[in-house]
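> After the sequence you'll find the predicted model.
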Amino acid sequence: MKTWFRLVRLPNALTTVADVLVGASLAGVGLEALGAAPKFMVFAALTTVCLYAAGMALNDLADIEKDRDLYPERPLPSAALSLGTVRLVILLLTAIAFVCAAVISTSAIWVVAALCLAIVSYDLWWKDRVWLAPLSMGACRALSMGMGVVAGMAVNASTASGPSPFPNAWWQGCVAYGYLVAVITFVSSFEDQEPDPQRRDLARGALFAAWLFPIFLNPGGPFGMAIVVVGVVAATWVLSPSFKKPVVWGLVVRNGVFTLVFFGALLAFSVEAPVLALAAAIVFPIVRLCAKSLAQVGS
């Protein structure tokens, strides 16, 4: 099973559970409503994990020829898994995602369809495009959080809960999350070729600025100062490998991917949903333990 887990980047896939929790908080889900209708959240989490896993497998299928030279130890170039079986698993994971979405709502089905399009666009067409690759990957994770939003709306509808006190937070939070992921994807291009100083500094500034966005969702909220402090500390830690010699951009990308759960938690804190924020943050140690057990080094 470890071979399959490495193929689908299981640690990274699990970070999408935090996406769902944060998306629900942005939709204004209360704990009482969540406790009354938890199935929507469970199906949304299963949907995002399945699609992330399918996307990673598709990515490796598309890159198999290149990986035979650069990463011959990976599951597909090493022939540890058969290509036919991997294709079948991709279709199965996608089918599971659509079934789970159908349980949630019609809106969830449309989100899954859009997410599938974004995944295929990145894996098959735009991966090597300097600007389109970050945009498509950012769209993938924004839509992943969007699954949490539509699941949260389904929870609210089924429990006759009132409207969210932050009516615009759901799209603002998803856009901010997609922006951060787009920047991390942009930085990942530095792994193959060292950037010129202008692009390097642009990426550093863009990534640091992204971590400050959650405070703008609710500037006068009770967690404002804590959000700023945590954001600055997290951004500094993510970027720290880029200031060492030699620069290991892969570590910047890894740090960025693993701390996405904390960025999501800050978004949840900004809309005054501390329990869901802490639940999202708990995903981080689980991801770290899983990555360590699989000896995952990069993204």
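Structure received. The shown structure was predicted, so the numbers you read here are calculated from the model rather than taken from an experiment. Numbering: from 1, shown residues only.

> quick one, helices of the stretch 151-299 of the chain?
Applying DSSP state H, counting those that start in this stretch to the stretch 151-299 of the chain gives helices spanning 169-188, 197-210, 224-239, 249-258, 260-270, 274-281, 283-294.

> Can you say which of these is packed in most?
Mean neighbours per residue, mean count of other Cβ atoms under 10 Å, is largest over the helices of the stretch 151-299 of the chain for helix 260-270, with a mean of 27. The C-beta positions use only the backbone N, C-alpha and C, and glycine is treated the same way.

> about what we covered before: now render the helices of the stretch 151-299 of the chain as CSV, adding distance to residue 72 and mean pLDDT.
Converted to CSV, the helices of the stretch 151-299 of the chain look like this (distance: least, Cβ to Cβ, whole Å; pLDDT from 0 to 100):
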stretch, distance to residue 72, mean pLDDT
helix 169-188, 21, 94
helix 197-210, 30, 91
helix 224-239, 30, 93
helix 249-258, 18, 88
helix 260-270, 29, 93
helix 274-281, 37, 92
helix 283-294, 18, 83
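
> In TSV, list the ones you listed along with distance to residue 135.
Converted to TSV, the helices of the stretch 151-299 of the chain look like this (distance: least, Cβ to Cβ, whole Å):
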stretch	distance to residue 135
helix 169-188	6
helix 197-210	13
helix 224-239	20
helix 249-258	17
helix 260-270	17
helix 274-281	25
helix 283-294	25
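
> and of those, who's closest to residue 1?
The minimum distance between residue 1 and these falls on helix 283-294, with 10.2 Å, by Cβ to Cβ.

> Enumerate every residue touching residue 275.
By Cβ atoms under 8 Å, 6 or more residues apart in numbering, the residues touching residue 275 are residue 31.

> Where does residue 72 sit, in terms of helix or strand?
Assigned by DSSP states H and E, residue 72 belongs to neither a helix nor a strand.

> give the contact list for it.
Contact analysis of residue 72 by Cβ under 8 Å, 6+ apart lists residue 78.

> Assign a three-state SS to the spatially most central residue of the chain, would you?
Nearest to the mean C-alpha position of the chain, counting by Cα atoms, centre = their mean, stands residue 141 at 4.5 Å. On the three-state scheme (DSSP: H, G, I helix; E, B strand; the rest coil), residue 141 is labelled helix.
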